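[1] Please find the sequence and the predicted model below.
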Amino acid sequence: MQQEKIWLSPPHMGKNEQKFIAEAFADNFIAPLGKNLDEFEEDLESYLEQGVNVAVLNSGTAAIHLGLIILGVKAGDEVICQSLTFSASVNPVVYLGAKPIFIDSEIETWNMCPVALEQAILDGIERGKKPKVIIVVHLYGMPFKVNEVSAISEKYNIPILEDSAEALGSLFDGQKCGSFGTISVLSFNGNKIITTSGGGALVSKSKKIKNEAIFLATQAKDNAPHYQHSQIGYNYRMSNICAGIGRGQMEVLDSHVLARREIHVFYKTLFKNISTVLLLEEPDNRFTSNHWLSVVLLDDYEKREALRLEFDKVNIETRPVWKPMHLQPVFKKERYFGNKIAENIFERGLCLPSGSNLLEKDKKRIANVIKAFFN
Ligand SMILES: *Cc1c(COP(=O)(O)O)cnc(C)c1O
């Protein structure tokens, strides 16, 4: 008989999600408007600190789309994007008719390489196409090299759109990820550190940007008694039901982060004596990862696939690392700067089950596969 499935990163509900949903029903605010929305935004604002303003939306992708619009990206513009990421980081660039320029990873955090970033900017300037925005990602919850990337952003005066979809609860130098960008983005998809079933947020230090995001997300209605529009709008606001789930999830966010960090320690112990396996770890004490997913590098592609299939045989879900965007058929014509670091990580990398609700008995099953495989 097949054993129960162990998922990579399943939803994990707390106590009060259904209570907040019930309140929305009691108030009859079954709409993209209401108390849960306001409260969820306040919860996120006080969690992220730094005086940020948060607009909750119906996906992280929508937040990136609106973020690029607010930062002034137009058709024909060029936007810099980390290559090693999920396609949602870059698709909105194409929605706007702009062109992505892909940047390789550095080996320590697997995020945007500052050296390749500066090369790409200089190349753009030389071609008369200075990039409009830098989209940079905290992949798997590991903060990117915030100080180095920010220094380049300031030097060339190009704003950062911080894709913090995987990094709610991570910190760099004591500051929460999701508060570093001119605009930052969170995701509450079903597999993320907290979920609203589907959802996202646009974060900014500017109240004006928050208001603009909400305006665009609710069909860009001008101030008039009738429906009047001077701009193209979108239907991107979060529902008050989903925001109720979000309020419940905020109560357990800290414990979810703790649980994922403990799972990371579990893997670290497990792989301690297997010298051919490399676990993605915080490079130094400025980096605090929520360890959304624990990820390992194996010798090569064959070894990685062999281990993935061993897990699959016993109904344990693992997943190859994101395939870099510059290798995706849909983006293969776009510019790329780097030295194939992301390609190497993709070939050798495997994401391991990391859900905050992973049980002790699940850990035993995972450990058994690993011990058998490396013996
Ligand atoms: C999940 C994710 C997104 C998109 O968020 P959705 O809410 O699924 O639209 C964007 N970037 C990264 C890196 C992600 O992991």
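    Nice, thanks for sending it over. Keep in mind the model is a prediction, meaning the values are calculated, not measured.

[2] which residues in the stretch 251-375 of the chain form helices?
    For the stretch 251-375 of the chain, applying DSSP state H, counting those that start in this stretch gives helices covering 253-271, 301-313, 341-348, 360-374.

[3] Now do the contacts for the residue in the stretch 201-350 of the chain positioned nearest to the ligand.
    Nearest residue of the stretch 201-350 of the chain to the ligand (C-beta to the nearest ligand atom) works out as residue 322 at 7.9 Å. Where you see a C-beta, it was placed from the backbone N, CA and C, and this is true even at glycine. Contact analysis of residue 322 by C-beta atoms under 8 Å, 6 or more residues apart in numbering lists 84, 85, 86, 139, 346.

[4] So the fourth one sits against residue 112, correct?
    No - contact between residue 139 and residue 112 fails when scored by C-beta atoms under 8 Å: they sit 9.3 Å apart.

[5] Need the residues touching each of those two.
    residue 82.

[6] Residue 332 - how many residues pack around it?
    Neighbour count for residue 332, taken as other C-beta atoms under 10 Å: 10.

[7] number of nearby residues for the nearest residue to it once chain neighbours are set aside?
    Closest residue to residue 332 apart from its sequence neighbours, by C-beta to C-beta, 6 or more residues apart in numbering: residue 326 at 7.4 Å. If you count neighbours by other C-beta under 10 Å, residue 326 ends up with 24.

[8] Low-confidence ranges, this structure, go.
    Scanning the chain for pLDDT under 70 picks out no residues.

[9] Show me how it divides into domains.
    Segmentation of the chain into domains, based on automatic domain parsing, reads 17-250, 253-374.

[10] how about the residues of the chain near the ligand?
    Counting by C-beta under 6 Å from any ligand atom, the chain comes close to the ligand at 59-61, 85-86, 88-89, 137, 163, 165-166, 187, 189, 200.

[11] Once you drop chain neighbours, what's closest to the residue of the chain found nearest the ligand?
    In the chain, no residue comes nearer to the ligand than residue 60, which is 2.6 Å away by C-beta to the nearest ligand atom. Sequence neighbours aside, residue 187 is the residue nearest to residue 60 in space, at 3.0 Å (criterion: C-beta to C-beta, 6+ apart).

[12] Contact partners for the one you found?
    59, 60, 63, 88, 165, 166, 199, 200.

[13] can you rerun that using 10 Å?
    57, 59-64, 86, 88, 163-168, 193-196, 198-201 (C-beta atoms under 10 Å, 6 or more residues apart in numbering).

[14] before we move on, what about residue 260?
    9, 141, 169, 193, 289-294, 354-356, 358.

[15] Now with 8 Å, please.
    Contacts of residue 260 by C-beta under 8 Å, 6+ apart are 141, 193, 290, 291, 292, 294, 354, 356.

[16] Please flag which of the residues you listed sit within strands.
    Residues of these located in strands (DSSP state E): residue 294.

[17] of the contacts of residue 260, closest to residue 242?
    residue 193 (16.0 Å; C-beta to C-beta).

[18] does residue 244 sit in a helix, a strand or a coil?
    helix (DSSP: H, G, I helix; E, B strand; the rest coil).

[19] dump the residue contacts of residue 367.
    Residue 367 makes contact with residue 270 under the criterion C-beta under 8 Å, 6+ apart.

[20] same question, the one 5 residues further on
    Each residue near residue 372 by C-beta under 8 Å, 6+ apart is listed here: residue 310.

[21] do that again at 10 Å, thanks
    310, 314 are the contacts of residue 372 under C-beta under 10 Å, 6+ apart.
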